[in-house]
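In: Take this sequence and fold it.
(chains A and B)
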Amino acid sequence: MAGKTDLKGLGKEYEYGFHDSTSGYAFQSGRGLTRDIVERISDMKKEPAWMREFRLSSLDIFNKKPMPTWGNTQALGDIQFDNIHYYMKPTDKQGRTWEEVPEGIKNTFDRLGIPEAERKFLAGVTAQYESEVVYHSIRKDLEKLGVLFLSMDDGLKLHPEIVKKYFGTIIPPADNKFAALNSAVWSGGSFIYVPKGVNVPIPLQAYFRINSENMGQFERTLIIADEGSFVHYIEGCTAPTYSSDSLHSAVVELIALPGAKIRYTTIQNWSKNVYNLVTKRAVAHANATVEWIDGNLGSKLTMKYPAVYLVGEGARGEILSVAFSGKDQHQDAGAKIVHAAPHTTSVVTSKSISKDGGRSSYRGLIKVHKGAVGCKSNVRCDALIMDEASRSDTYPTMEIDEEDTSIGHEASVSKIGEEQLFYLQSRGLSEAEATLMIVNGFFEPFVKELPMEYAVELNRLIELEMEGSVG
Amino acid sequence: MATPLFEIKDLHVSVEGKKILNGLSLTVRAGETHAIMGPNGSGKSTLSYAVMGHPKYKIESGQVLYNGEDITAWPVNVRAVKGLFLAFQYPVAVPGVSVVNFLRNILKNRRGQEIDLKTFRKELKENMKVLQMDTAFANRYLNDGFSGGEKKRLEILQMALLKPSMAFLDETDSGLDIDALKVVSDGINRLASPDRGVVLITHYQRLLDYVKPGFVHVLAGGRIVRSGGPELALELEKKGYEGYVPAPVGAGAA
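Out: Model (predicted):
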């Protein structure tokens, strides 16, 4: 993710498109999804009976549930569920030091800059490769304070009482077809519990890597911030470039108990053959805050609408998302806020750029329940279109059942301005430099919310995307 | 005689098919300050945009020579890097781009090398002080939400840092109160040097109370119709442009 600050001499190719051999894997499921595969996953993980049941009933729901009838239905229709590998276990071991991670996988994460980032500025790291977390660590002082940061599998093993209490309660399997699929075959992801009043001062990070062709990655993340605590979790993702598609379908559940604050930052940079169909939802109790900072650069099709349910008085939700859609990409991203308690507030900011025929959509819902008096919500969507072939759409929905509220919505769509370009060029910037400056400025409200190292990385990725786009 | 610093020869320019400049000629030698005055619609802004190379301003014929080289085919940024500068009448906002980041980038290109951060900060601070600009200004987004006066000061600040050898200032006095006008004029006067040329494009004479041009030209109907010394500006101030405005089409001769 980080550490690569050299902005010169980079090609415009997707730089994370390399892959490793899969021949040494501990286990690979065949293509397609059967009851037998779900049972084998559960067996191999030695799970309690309730989780096995949860998986199997979720499989039934997945099989029965229709595909979404919105978003990009054409691209969704192209997904070949029978062609996907639903579970791949690259190794039997999980490292607590990088030396314990198998050489080939370690090299991959080295190339991605993860161990370096960990040394420099992270409180803990999990690294997931295919279906399993192959490395995880947390700073000793945080461990002593009772902070739990484990793979979801270990969370279930070591803290079954917490997991059973919250798992699947925010996003039930029946929520949507892909949540059901994840619930049936989930593997990996992060489990975080922050005890009452504990402030985790620097971010925890998870890194997700798909390696095989036609891989399905279904991580599951559950974060519980107990009363008055704070945690910032960051996830990054990449995959090799293949000619056929892979599927990433995560479920992320956040629980911010009274007075807690969770910030969840994503920088999604999948290769352009990955379907990224993710369900992310948070519950914020009284005076709690949840912030989704959601950056979407990669993937073929992303459909993702981080949600915050404001269920306690004074709770606050913020969703800041940016999307960059290039050639053959559709970012269908958005936000969902439910005001279910009085005096709750929310801010949604969406920024998207479409170029080279790419398509960006904002799809959002603001719902205010009857009785949720004194709520405030502000939604702002800005779209920048770089050329005639590209497209941007906005689908905002508001369901306001309470009169005593203050709701604002603003939207703008602009083409990259000839006058802006001319002004910057008249000061000696080339057309490409001027364009990049305008684009970086457009994303600035997002970038400034990132830790510095990520801001540098994101700017670099944007520069890479913009290269060769004008000329 | 040495090659003039800047020379416009019989320039014809159209904008979206409409002819605006009709054979404009102008010679500026190093060390000279010229004022081009004219009524609204005479082609003043067209001249500045055409010189800088705005893609909408099409050069139909004629030459623009900079140190003897015809620059009409040069990309906009090349003109700037080689020392041409235009202070915009309406500077454009670029949200999200900080003034300080912008300035450092444009200076790098103009000077052809990275500028040490410490040196840059010092230089910036000194120049901002001259223009009576608060240092917090540098962290704002480029022209975003700036008042008219702030925008004009930023144009002069850019000019001071870039040290162009040929500067066009398009209506730099418009929208300024008298204090701001003095500060901005002071900034322009500081740039004057024996190897630079300056062209002030203005509707009103009042800027010329503070910046003294050696040459004054009247632009009307897309060409220079009269040239003279500073006294011409005073005459225009008194009599206005009445005699220079082309009669409206179809008005008929009495």
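
In: The closest residue to chain A within chain B: which element?
Out: Chain B approaches chain A most closely through B:Gly96 (2.9 Å), counting by CB to the nearest CB. For every residue, glycine as well, the C-beta is placed using N, CA and C. Take DSSP states H and E as the rule and B:Gly96 turns out to sit in strand B:94-98.

In: about what we covered before: the residue of chain B closest to chain A: how many residues sit nearby?
Out: Residues lying near B:Gly96 (other CB atoms under 10 Å in any protein chain shown) number 21.

In: Spatially, what comes nearest to B:Leu234 if we skip its sequence neighbours?
Out: B:Gln205 (6.8 Å; CB to CB, 6 or more residues apart in numbering or on different chains).

In: show me the residues around that neighbour that make contact.
Out: Neighbouring residues of B:Gln205 by CB atoms under 8 Å, 6 or more residues apart in numbering or on different chains: B:37, B:233-234, B:236-237.

In: Just the buried subset of those, please.
Out: Applying 16 or more other CB atoms under 10 Å in any protein chain shown to the contacts of B:Gln205, the neighbour count classes B:37, B:233, B:236 as buried.

In: Who does the first one form a beta bridge with?
Out: Using DSSP bridges, the bridge partners assigned to B:Met37 are B:Thr202, B:Val218.

In: Let me see the contact set for it.
Out: B:202-203, B:205, B:216-219, B:233, B:236.

In: in the stretch 151-300 of chain A, which spans are helices?
Out: A:152-158, A:160-166, A:177-185 (DSSP state H, counting those that start in this stretch).

In: Could you say which helix or strand holds B:Ile156?
Out: helix B:148-162.

In: Who are the packing partners of that helix?
Out: On a contact count with 3 or more CB pairs under 8 Å, 6 or more residues apart in numbering or on different chains; DSSP states H and E, helix B:148-162 meets strand B:84-87, helix B:99-111, helix B:117-130, strand B:166-170, helix B:178-191.

In: the helices in the stretch 301-450 of chain A, which residues?
Out: Using DSSP H, counting those that start in this stretch, helices in the stretch 301-450 of chain A cover A:418-425, A:431-447.

In: how about TSV for the helices and strands packed on helix B:148-162, with mean neighbour count and mean pLDDT added?
Out: Compiled in TSV, those are given as follows (neighbours: other CB atoms under 10 Å in any protein chain shown; pLDDT from 0 to 100):
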stretch	mean neighbour count	mean pLDDT
strand B:84-87	26	98
helix B:99-111	19	96
helix B:117-130	14	94
strand B:166-170	24	96
helix B:178-191	18	90
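
In: The residue lying closest to A:Trp70 once chain neighbours are set aside: neighbour count?
Out: Nearest non-adjacent residue to A:Trp70, counting by CB to CB, 6+ apart: A:Arg363, 7.8 Å away. Residues lying near A:Arg363 (other CB under 10 Å) number 20.

In: Equivalent analysis for B:Asp177, please.
Out: For B:Asp177, the count of nearby residues is 9 (other CB under 10 Å).

In: Contacts only, for it.
Out: B:Gly149.

In: Could you measure from it over to A:Gly124?
Out: 57 Å (CB to CB, to the nearest Å).

In: So for the residue of the stretch 151-300 of chain A found nearest chain B, what's the nearest residue that isn't a sequence neighbour?
Out: With CB to the nearest CB as the measure, A:Gly295 is the residue of the stretch 151-300 of chain A nearest to chain B, at 15.2 Å. With sequence-adjacent residues excluded and distances taken as CB to CB, 6+ apart, A:Gly295 is closest to A:Ile267, at 4.6 Å.

In: Touching, that neighbour and A:Gly298? I think so.
Out: No - using CB atoms under 8 Å, A:Ile267 makes no contact with A:Gly298, being 9.3 Å away.

In: Between those two, which contacts overlap?
Out: What both A:Ile267 and A:Gly298 touch, as defined by CB under 8 Å, 6+ apart, is the set A:Cys237.

In: Which residue of these two possesses the greater neighbour count?
Out: The residue with more neighbours, out of A:Ile267 and A:Gly298, is A:Gly298; 26 against 22, by other CB under 10 Å.

In: Contacts only, for that one.
Out: Per CB under 8 Å, 6+ apart, neighbours of A:Gly298: A:14, A:237-238, A:268-272, A:274, A:276, A:329.

In: Residues of the stretch 1-150 of chain B that sit close to chain A?
Out: B:52-56, B:75-77, B:79-81, B:86, B:88, B:91-97, B:102, B:105-106, B:109-110, B:141-142 (CB under 8 Å from any CB of the partner chain).
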